[in-house]
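# show me how the following folds:
(one chain, ligands or ions: 2)
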Amino acid sequence: MDEIQIASLLKSSELFPIPQGLKLSYGTAGFRGDAKLLESTVYRVGILSALRSLKLGSSTIGLMITASHNKVSDNGIKVSDPSGGMLSQEWEPFADQIANAASPQELVSLIREFVEKEEIKIGEYKAAEVWLGRDSRPSGESLLRAAEIGVDSVLGSVSVDIGVLTTPQLHWMVRAKNKGLKATENNYFENLSTSFRCLVDLIPINGNNKFEISKLLVDGANGVGGQKIEMLRGSLSNLDLEIRNTGRDGGVLNEGVGADFVQKEKVLPLGFGLKDVGMRCASLDGDADRLVYFYVPSDSTSDVKVELLDGDKILSLFALFMKEQLNVLDDGKEGKQSRLGVVQTAYANGASTDYLKQLGLDVVFAKTGVKHLHEKAAEFDIGIYFEANGHGTILFSESFLSWLVTKQKDLTTKGQGGSEEQKAVSRLVAVSNLINQAVGDALSGVLLVEVILQHIGWSIQKWNELYKDLPSRQIKVEVPDRTAVVTTSQETEALRPLGIQDAINSEIKNYSRGRAFIRPSGTEDVVRVYAEASTQEAADSLANSVAELVKSFLGSS
Ligand SMILES: CC(=O)N[C@H]1[C@@H](OP(=O)(O)O)O[C@H](CO)[C@@H](O)[C@@H]1O
Ligand SMILES: [Mg+2]
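Ligands and ions are numbered 1, 2, ... in the order given. So this is what the prediction gives:
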């Protein structure tokens, strides 16, 4: 690093002193915290992104300013690699170091060391490019300015403000840009509506065509997802959407609304009630990378209940559909035995795992956080991953996709345009275009769920009957130091504090179909407790007992 570069970094970092006592970690999904404390962090991640771009031969990197489902006064930042996936985990320790550097001098010396170690050539390639997106949080704009200053203080780097977006839009656009494809927000919308149309056109004519398209009610979490789905609505046919909680009617982002609220609390979001009995409803989270479905059952009285169809159920629906299409190909003479796999985490409902295994699917487990699930799903020809909270997607391997595209062309040339095999191939290609290949995307998720339901002629109630969830409960426990909890790689057992796992195991033994585990959250300062059992009362009681154990081993704060 030359003197000019050092001077540029020192000068800009003086603008963003680190707040006293701030200690951050890149965590499950980037840095998060009170928005008022994050300017220095965002500025520094701006520098990191520019370096990442230079390291990768000036590929475009994305920076998303969001705190997803967290409260509106929080914010956060995460990096998208050129593939549209999460920042390579190898760079996370550097992200942690620079975010916590106490002074401009320490910051610059850490950067200098890293640049030398990684052999990053500043000023030798064409300009590095970082695309900056933000969700609808009011703090987003000033944080975006801090990120710009960070990016621009690395010589030869440029930042591009691409505006208010959902997290998956930013990832999709970065991926498309680096693949040399059209990468604007309009291209994103066009891609969704075209591939959705394609799948609608491939719905079997005989059999399920009596299916009437009923209205879908969408809870937009008072965030960016509600706004974007409204923009998309005009270009969609075969879909009747009513969007609530768009944020325009005074509602607060994520407050009593949104996918995280509905899934964790198992209650209806604000704006939904008895009037909606039986209707198909969907809820997005604050940055629209999560999606859950729900409905108000007909036996609801004044005590309104909610039937939740979480990420596991969406995964099951997708798996069923994909398997059906692949079976057609595998049965065909020229078929190819394809590897379809599904990835879940320890939070997946036990009943969903049993169901997926019964379908004959390869089910594998990953640690919490989509970066872990994504990696495992990418090992299959078609890998479907979902967190129970509704974050997930379907990945197609490059080789399988090119096999599909070639096959599609061959069948058309051979004049077998209308065959079952050709339709199955075309559906799979359309799904690969519709569903975001970079990250979980509530918008593309909604479209795929809707078209699959139309295809098989199912109501939400029928879909819900695929299997019955085991009752479960999640609790957050505030402790003085959550890092005192260390778990095994699949997060199902606690290795530290010593003795806690034995105590949890003896609790579990008291419950039929009991299962429980603890882990430190990567996005909040809490230890999470998850419990499952054969009745809701039992799951609640098991969760409470385990939470008490956490408090007695770790102390409560
Ligand atoms: C139990 C749970 O829902 N955990 C969430 C939550 O992570 P934690 O590390 O549990 O705080 O936020 C992550 C980012 O959105 C998401 O990937 C993950 O599934
Ligand atoms: Mg989110």
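# care to break this protein down by domain?
Structural domains assigned to the chain are 3-164, 216-310, 312-464, 472-554, following automatic domain parsing.
# so residue 238 is in contact with residue 454, correct?
Yes: Residue 238 is in contact with residue 454 according to Cβ atoms under 8 Å; the separation is 7.0 Å. Backbone N, C-alpha and C define where each C-beta goes, glycine included.
# please identify every residue contacting each of those two.
Shared contacts of residue 238 and residue 454, defined by Cβ atoms under 8 Å, 6 or more residues apart in numbering, comprise 200, 213.
# out of these two, which sits in the busier spot?
residue 454 (19 against 14; other Cβ atoms under 10 Å).
# can you redo the domains of the chain as JSON lines with distance to ligand 2?
What follows is the domains of the chain, written out as JSON lines (distance: least, Cβ to the ion, whole Å):
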{"stretch": "domain 3-164", "distance to ligand 2": "3"}
{"stretch": "domain 216-310", "distance to ligand 2": "4"}
{"stretch": "domain 312-464", "distance to ligand 2": "7"}
{"stretch": "domain 472-554", "distance to ligand 2": "10"}
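# dump these to CSV, plus mean pLDDT.
Shown next, in CSV, are those (pLDDT from 0 to 100):
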stretch, mean pLDDT
domain 3-164, 94
domain 216-310, 94
domain 312-464, 93
domain 472-554, 96
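# what's the closest of those domains to residue 189?
Between residue 189 and these, the tightest spacing by Cβ to Cβ is seen for domain 216-310, at 5.5 Å.
# sec struct for residue 529, please.
strand (DSSP: H, G, I helix; E, B strand; the rest coil).
# check contacts around it.
Contacts for residue 529 were tallied using Cβ under 8 Å, 6+ apart; they are 474-477, 516-518, 543, 546-547, 550.
# got the residues you listed as a markdown table, with neighbour count columns?
Converted to a markdown table, the contacts of residue 529 look like this (neighbours: other Cβ atoms under 10 Å):
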| residue | neighbour count |
| --- | --- |
| 474 | 17 |
| 475 | 18 |
| 476 | 13 |
| 477 | 21 |
| 516 | 24 |
| 517 | 22 |
| 518 | 27 |
| 543 | 21 |
| 546 | 25 |
| 547 | 21 |
| 550 | 27 |
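# ok so, going back, pipe the domains of the chain into JSON lines and attach distance to residue 170 per row.
Formatted as JSON lines, these follow (distance: least, Cβ to Cβ, whole Å):
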{"stretch": "domain 3-164", "distance to residue 170": "4"}
{"stretch": "domain 216-310", "distance to residue 170": "9"}
{"stretch": "domain 312-464", "distance to residue 170": "9"}
{"stretch": "domain 472-554", "distance to residue 170": "18"}
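# quick one: those domains as CSV, columns for distance to ligand 1 too.
Below are the domains of the chain laid out as CSV (distance: least, Cβ to the nearest ligand atom, whole Å):
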stretch, distance to ligand 1
domain 3-164, 4
domain 216-310, 7
domain 312-464, 4
domain 472-554, 3
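# where do the strands sit along the stretch 151-300 of the chain?
Counting by DSSP state E, counting those that start in this stretch, the stretch 151-300 of the chain has strands at residues 157-164, 216-219, 241-244, 280-284, 291-295.
# and the ones you listed as JSON lines, adding mean neighbour count?
What follows is the strands of the stretch 151-300 of the chain, written out as JSON lines (neighbours: other Cβ under 10 Å):
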{"stretch": "strand 157-164", "mean neighbour count": "18"}
{"stretch": "strand 216-219", "mean neighbour count": "23"}
{"stretch": "strand 241-244", "mean neighbour count": "16"}
{"stretch": "strand 280-284", "mean neighbour count": "28"}
{"stretch": "strand 291-295", "mean neighbour count": "28"}
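# mind putting those in CSV, distance to residue 350 included?
As requested, the strands of the stretch 151-300 of the chain are arranged in CSV below (distance: least, Cβ to Cβ, whole Å):
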stretch, distance to residue 350
strand 157-164, 39
strand 216-219, 27
strand 241-244, 32
strand 280-284, 23
strand 291-295, 18
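# and residue 490, how many neighbours?
Residue 490: 14 neighbours (other Cβ under 10 Å).
# and it, what are its phi and psi?
Main-chain dihedrals, residue 490, degrees, to the nearest 10: phi -90, psi 10.
# go on, residue 538?
According to degrees, to the nearest 10, residue 538 has phi -70, psi -40.
# likewise residue 359?
Backbone torsions for residue 359, taken as degrees, to the nearest 10, come to phi -70, psi -10.
# any idea how many residues pack against it?
Applying other Cβ under 10 Å, we find 14 residues neighbouring residue 359.
# hmm, it is touching residue 320, no?
Yes: in terms of Cβ under 8 Å, residue 359 counts as a neighbour of residue 320; the distance is 7.0 Å.
# in the helix ranked longest in the chain, what's buried?
Ranked by number of residues, the top helix in the chain under DSSP state H is helix 311-331. Buried residues in helix 311-331, counted by 16 or more other Cβ atoms under 10 Å: 311-323, 325-326, 328-329.
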